[in-house]
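A.B. asks: Dropping a prediction and its sequence here:
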Amino acid sequence: MEAKQIQESDLALQRLRVQQLKEKLKTINSSSARHLLSFSDQLVRRSVWLVGGDGWAYDIGYGGLDHTLASGRNINILVLDTEVYSNTGGQSSKATPTAATAKFAAGGKSGGKKDLALQAMSYGNVYVARVAFGANPQQTLLAMREAEAYDGPSIILAYSHCIAHGYDLKYGLDQQSKAVKSGHWPLMRYNPALRKKNENPFVLDSPRPTIPLKEYAYNELRYKVLTITKPEEAEVLMKHAQDLVNLKWKTYEEMAIKKAIDFVPVA
C-alpha cells in the first residue's frame, strides 16, 4: 500500500516512517540493508519548484513556461514579479504596467500588462494564485500550501518590490499593500480541485480598491518621473492605467460570483 503524501501532515508522517526505517536498517549487517539505506530518503515525495522572474515568465521564457503548464505535470512555479527586467538593467517587459517608465519605455508604457494569471487559468487544470506578502501573508502561505497539495501544474505570481522601482525599499511591504489596496494587484486563487466539489474554483482574496492607483504609483520614481518630464502625458497615461485597473477588477469580481458549472470542466 502506497503512503499518502499530499498534505504537509502526510509528508511529516512519511518522514517519520522513513526515519524509523533508517534506524532499523542501521542495525542490520547486510549488503541489502545498506543498499536500501542509501536511497531510503527517496521514499519521501519530492517537491519540485521552478523559481524565476517576470522577464522570464511573461516574456523571453514564456514559451517554455506555457509548455510546462500545458504538460499537466505535478510541478510548481513561483514567479517573482518585479514588473521589469531587473537583472539586465531595468528594461521594460510584458509585465511592466501602463504608465510606468523603464528602459525602452522612457516616455511611459502605453500598453497594458499581460495578465499571466488569466492566461494560465484558461487551461482549466492549472492552479493559479496571485499573492503579495506585504498585503496578506496568510493568503500567501495558503496559496503555497494549496499549490503544493494540488496534483498538477501550479503557478504563483508574487508581487516583488525592486530597486528599479525607485524608492527606499524599506517601504517595500507597504508598497505591496498599496498595490493591493489600489486594485493594481488583486489577490486571488484559482483551484481546479474545487470544481470536483461543485464549488467556484476562483476565489478573490482582496476587497474592492480603497485608494486610487496614483496614490500607490506616485510613491515610486518609475511612475513619478513622468510627471516632471512630461506632465500632460503622465496624466493621460495614469487615467488610462486607472481604467485598466477598473476593468481588471470588474473581470475578476464577475469570475468570483460565477457558479462552478460556468467554468471549464475537469478533463
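C.D. replies: Noted; the coordinates are in hand.
A.B. asks: could you pull out the strands for the stretch 51-200 of the chain?
C.D. replies: All strands of the stretch 51-200 of the chain, identified by DSSP state E, counting those that start in this stretch, fall at 76-81, 127-131, 154-159, 188-190.
A.B. asks: neighbouring strands for the third one, and are they parallel or not?
C.D. replies: This points to strand 154-159. strand 76-81 (parallel), strand 127-131 (parallel) (DSSP bridges).
A.B. asks: likewise the last one?
C.D. replies: When sheet partners are counted by DSSP bridges, strand 188-190 sits next to strand 127-131 (antiparallel), strand 202-204 (antiparallel).
A.B. asks: Next, the buried residues of the first one.
C.D. replies: This points to strand 127-131. Within strand 127-131, the residues scored as buried using 16 or more other C-beta atoms under 10 Å are 127-131. Where C-beta positions appear, they are placed from N, C-alpha and C, glycine not excepted.
A.B. asks: what's near enough to touch Pro209?
C.D. replies: Neighbouring residues of Pro209 by C-beta atoms under 8 Å, 6 or more residues apart in numbering: 181-183, 245, 249.
A.B. asks: Any quick PyMOL command for the buried ones out of those?
C.D. replies: Selecting only the buried entries of the contacts of Pro209 in PyMOL, with 16+ other C-beta under 10 Å as the criterion:
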select buried, resi 181+182+183+245+249
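A.B. asks: Return the subset of the contacts of Pro209 lying in helices.
C.D. replies: Residues of those located in helices (DSSP state H): 181, 245, 249.
A.B. asks: so which of those residues would you say is closest to Leu173?
C.D. replies: In terms of C-beta to C-beta, no member of those lies closer to Leu173 than Lys181, at 12.7 Å.
A.B. asks: Domains in the chain, by residue range?
C.D. replies: Using automatic domain parsing, the domain parsing of the chain gives 8-45, 47-262.
A.B. asks: hey, which of those is tucked in deepest?
C.D. replies: Of all the domains of the chain, domain 47-262 has the most neighbours on average by mean count of other C-beta atoms under 10 Å, namely a mean of 18.
A.B. asks: for the spatially most distant residue from the centre of the chain, helix, strand, or coil?
C.D. replies: Relative to the centre of the chain, and counting by C-alpha atoms, centre = their mean, the farthest-placed residue is Asn29 at 49.0 Å. At Asn29 the chain is in coil, as set by DSSP: H, G, I helix; E, B strand; the rest coil.
A.B. asks: What pLDDT does the model give it?
C.D. replies: The model reports Asn29 with a pLDDT of 84.
A.B. asks: Which one of the domains of the chain has the poorest average confidence?
C.D. replies: domain 8-45 (a mean of 79).
A.B. asks: Quick check: chain neighbours aside, which residue is closest to Gly55?
C.D. replies: Counting by C-beta to C-beta, 6 or more residues apart in numbering, Gly55 lies nearest to Tyr85, which is 4.2 Å off, once chain neighbours are set aside.
A.B. asks: Hmm, Lys94 and the one you found touching each other?
C.D. replies: No. With contacts counted by C-beta atoms under 8 Å, Tyr85 stays clear of Lys94, the gap being 10.2 Å.
A.B. asks: Can you work out which residues contact both of the two?
C.D. replies: Common neighbours of Tyr85 and Lys94 are listed as Asp59 (criterion: C-beta under 8 Å, 6+ apart).
A.B. asks: Pull the residues that contact stretch 225-237.
C.D. replies: 98-99, 101, 107-110, 166, 218, 223.
A.B. asks: which of those residues lies closest to Leu36?
C.D. replies: Among these, Gly166 lies closest to Leu36 (C-beta to C-beta), at 56.8 Å.
A.B. asks: Would you list the phi and psi of that closest one?
C.D. replies: Dihedral pair for Gly166: phi 80, psi 50, per degrees, to the nearest 10.
A.B. asks: Many thanks, we can stop here.
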